[in-house]
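J.: Here's a sequence, model it:
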Amino acid sequence: MAYINVIAEIMECLVFVYLDSTFLTLRRATQNFYVGTLLTTAYLMAVYVHSKLTESRLVSRKIALCMSLPLIAGIIFLLFGNVQYSRTAEGVYYSYGTAINFCYDIGFLYIFATLIFVIAYRRRLKKEEFMPITVGLVVWALLSCFQFFIHGAQVSSVAMMLMALILFLSLENPREYYEKSIPNVLSRTAFIMLIVEKFAAGKNFFILSVIFTGKTNVLTGADREELCELQAGIARMAQLNIGTAAYTSGWNTLEFVVNDPQKVETFMNLINNYKDTGNLFKMTFSVLEVPKCTNSVDEAIQILDYVSNDYVYTQSSPNLVIDENVVDKMIYRNSIEDIVRQAVKLKAFDVYYQPILCVKDGTFSSAEALVRLRRPHTEGYISPEDFIPIAEKCGLIQEIDDLVFEKVCSFIAREKLSSYGIKVVEVNLSGNEVVDQQTHTRLRHKMEKYHIPPKFINFEITETSYINNDEVFKENVRKLKDLGSTFSMDDFGSGYSNLLEILKMDYFLVKMDKEFVWNCLDPSKPENMRMMDYTINFLKDFGLHILAEGVETLDQARLLIDKGVEYLQGFYYSRPIPEEEYIEFLKAQKGLFDSTKEGGKL
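T.: This next block holds a predicted model:
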């Protein structure tokens, strides 16, 4: 409309400059066209800004009609009101009269009312939205006032074009809505804007997701390049076959929005039969029907993010229809995140201790410290398998590690665990923390604070977060080892705890994962015992000590001891127990040890 207004102004100037006063009707027509487009642009700008101030980002027909009433009144006055023409001393034409003054009033009404609303409801705007809109409206208002008072000055169109240019460059620049690394794929911001409009329209539609999952979330430069090429190919295919644009909602997800159910099936078949030259990434197709599954934009975004970042890794099927079951799991996951955040804030984590048997002397001279999270207002606990991955994704795992280590150091000092014969307490150290350059400093300060000898602490490197910064990792380990602490690899036999990781670092102890132990000791699969023999022999030849987790029966314990395992941990000896029970356990063991010693049977 601003562009049309400029054309109208050029036509008006041509008529007034090159045609004489006998062409009065043509003068009036071009004048009306120019002023009418000017008022229409002011009206549309007010509607545009109003859309920015509403939650739905769409203006209802009723409000748009109400906002158009001054425009309609101005055009009626323009057509039938008094308009006169004159020249300045320099010979420049200008118009005046009641109709022209009324139209100026309408224009000022739109500009100043919009400016007042922007200032009054500025909290509904982002900072990057508030400033350009405000500056543009102020510039427009000043130049319009200048034109009103200075006859012959034709600057309102300039003001309007400046306003449009400011908004285009700062808010509506199409390039800002495209992903720089993937050709012809729109950004997450553009995707959210689209579904906001779709929700506001109140009609049924489908959000189709193509989720790319690899062997690991840590991608090399070559991996990223391959992923971008794959995503660009899928985007081209969607545009050609179902006529819809592709959007990104995350590094591993392309989103598509369609109205026709037939296109859902067509696109699903295309994805399932897509021939990819590489084999690094697997594609999962998911569909979310709106408003069947959700009638909220925020919830829809939450569901899509949950499916892409969490739920997809639990699915083996290439196709996924998001239903109430998926939504319920997301709600459960989000409730755990809320509990974790609150627990971090209140330092409400508990630490339990699971005794570890030293086979050599038959004593429980070490224990593993394990974090526990209680459900609010209940006696139940949330499994670490549920809340630890969530804490990692939320960036809270380092704070949890620090809280746990503080509690462990405090407990060791307060209860004087060394007096019970405890030589080592094992503490989990997540992959996220071990690659932080300040980790060794924080841990050393806590040990110094409670006067804990570093050799009293053995750090278990957990595999739940892949260690992707070997240099910082090795530096932290070296400095802590220099202090006297030792390190063990946790969950060997699963995930990233593998032979390659053993070669990267000089561990003191390797803890065999309970699932690995149970599978090797499965009576129905005696051939699996060869893997146990091989693993134990290899680790011992490599100079490592071995601990077996998940020991639940006496037969398992005897078999593992016969195989040469040096440390045993599991429910057969003790479940993880709170501080008070652990102290009672140590007292009982100390009494048994003392009575045995006095009897000369040790």
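J.: Specify the beta-bridge partners of residue 356.
T.: residue 366 (DSSP bridges).
J.: My guess is it contacts residue 366. True?
T.: Yes - under the criterion of CB atoms under 8 Å, residue 356 makes contact with residue 366 at 4.5 Å. Glycine gets a C-beta too; all of them are placed from N, C-alpha and C.
J.: Which neighbours do those two have in common?
T.: Between them, residue 356 and residue 366 share these contacting residues under CB atoms under 8 Å, 6 or more residues apart in numbering: 426, 567.
J.: measure the closest residue to residue 528 other than its chain neighbours to residue 354 for me?
T.: Excluding its sequence neighbours, the residue lying closest to residue 528 (CB to CB, 6 or more residues apart in numbering) is residue 520, at 4.9 Å. For residue 520, the distance to residue 354 equals 21 Å [CB to CB, to the nearest Å].
J.: residues contacting residue 209?
T.: 249, 253-256, 285-288, 304, 307-308.
J.: try residue 10
T.: Contacts for residue 10 were tallied using CB under 8 Å, 6+ apart; there are none.
J.: Same question for residue 476.
T.: Neighbour list for residue 476: 434-437, 439-440 [criterion: CB under 8 Å, 6+ apart].
J.: Looking at these, which two lie furthest apart in space?
T.: 435 and 440 (11.6 Å; CB to CB).
J.: for the stretch 401-550 of the chain, what are the low-confidence residue spans?
T.: Low-confidence segments of the stretch 401-550 of the chain, defined by pLDDT under 70: 463-470, 495-498, 500.
J.: oh sorry, the question was meant for the stretch 51-200 of the chain
T.: Ranges of the stretch 51-200 of the chain meeting pLDDT under 70: 55-57, 152, 172-176.
J.: Same check on the stretch 201-350 of the chain?
T.: If you take pLDDT under 70 as the line, the stretch 201-350 of the chain has these spans: 215-220, 276-279.
J.: hang on, residue 137 packs against residue 115?
T.: Yes - at 4.5 Å, residue 137 counts as touching residue 115 under the criterion of CB under 8 Å.
J.: Only C-alpha atoms, please: export the helix or strand that residue 301 is a member of in CSV.
T.: If you go by DSSP states H and E, residue 301 is part of helix 297-309. The C-alpha trace of helix 297-309 is given here as CSV (Å, rounded to 0.1, in the frame of the first residue of the first chain):
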residue,chain,number,x,y,z
VAL,A,297,0.3,-22.9,20.4
ASP,A,298,2.6,-23.2,23.4
GLU,A,299,1.6,-26.8,24.1
ALA,A,300,2.0,-27.7,20.4
ILE,A,301,5.6,-26.4,20.5
GLN,A,302,6.3,-28.3,23.7
ILE,A,303,4.9,-31.5,22.2
LEU,A,304,7.0,-31.1,19.0
ASP,A,305,10.2,-30.4,21.0
TYR,A,306,9.6,-33.3,23.3
VAL,A,307,9.0,-35.7,20.4
SER,A,308,12.1,-34.5,18.6
ASN,A,309,14.5,-34.4,21.6
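J.: What are the boundaries of the helices in the stretch 201-350 of the chain?
T.: Assigned helices in the stretch 201-350 of the chain, in chain order: 221-241, 261-272, 297-309, 324-346 (criterion: DSSP state H, counting those that start in this stretch).
J.: Same list (these) but as CSV, adding distance to residue 203 and mean neighbour count.
T.: Output for these, formatted as CSV (distance: least, CB to CB, whole Å; neighbours: other CB atoms under 10 Å):
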stretch, distance to residue 203, mean neighbour count
helix 221-241, 21, 16
helix 261-272, 13, 15
helix 297-309, 14, 19
helix 324-346, 21, 15
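J.: Now do the same contact list for the spatially most central residue of the chain.
T.: Nearest residue to the geometric centre of the chain (CA atoms, centre = their mean): residue 305, 7.3 Å. Contact partners of residue 305, counting by CB under 8 Å, 6+ apart, are 249-250.
J.: Please apply the same query to residue 452.
T.: 409, 412-413, 446.
J.: Looking at those, spot the one nearest residue 71.
T.: For the contacts of residue 452, the nearest to residue 71 is residue 446 (68.6 Å; CB to CB).
J.: how close does the closest one sit to residue 485?
T.: Distance of residue 446 to residue 485, given as CB to CB: 12 Å.
J.: Pick out whichever of these two has more residues nearby.
T.: Set side by side, residue 446 and residue 485 show more neighbours around residue 485, with 24 against 17, by other CB atoms under 10 Å.
J.: ok now do that one, which residues does it touch?
T.: Residue 485 neighbours (CB under 8 Å, 6+ apart): 454-455, 457-459.
J.: if I look at it, how far off is residue 424?
T.: From residue 485 to residue 424 the distance is 10 Å (CB to CB).
J.: Quickly list what's touching both of those two.
T.: Each of 455, 457-458 lies in contact with both residue 485 and residue 424 under the rule CB under 8 Å, 6+ apart.
J.: follow-up on the earlier one: looking only at neighbour counts, state which of residue 137 and residue 115 leads.
T.: Using other CB under 10 Å, the more surrounded residue of residue 137 and residue 115 is residue 137, with 24 against 19.
J.: so what's the more buried one up against?
T.: Counted by CB under 8 Å, 6+ apart, residue 137 has contacts 49, 111, 114-115, 118, 163.
J.: again, only this time at 6 Å
T.: Residues in contact with residue 137 (CB atoms under 6 Å, 6 or more residues apart in numbering) are residue 115.
J.: Off-centre distance for whatever helix or strand it lives in?
T.: Assigned by DSSP H and E, residue 137 falls within helix 127-149. Taking CA atoms, centre = their mean, to the nearest Å, one finds helix 127-149 lying 36 Å from the centre of the chain it belongs to.
J.: Could you identify the helix or strand that succeeds that helix?
T.: On the C-terminal side of helix 127-149, the closest following helix or strand by DSSP H and E is helix 156-170.
J.: next structured bit after that next one?
T.: Counting by DSSP H and E, the element after helix 156-170 in chain order, helix or strand, is strand 185-186.
J.: what sits up against that next one?
T.: The contact list for strand 185-186, computed with CB under 6 Å, 6+ apart, reads 177-179, 235, 245-248.
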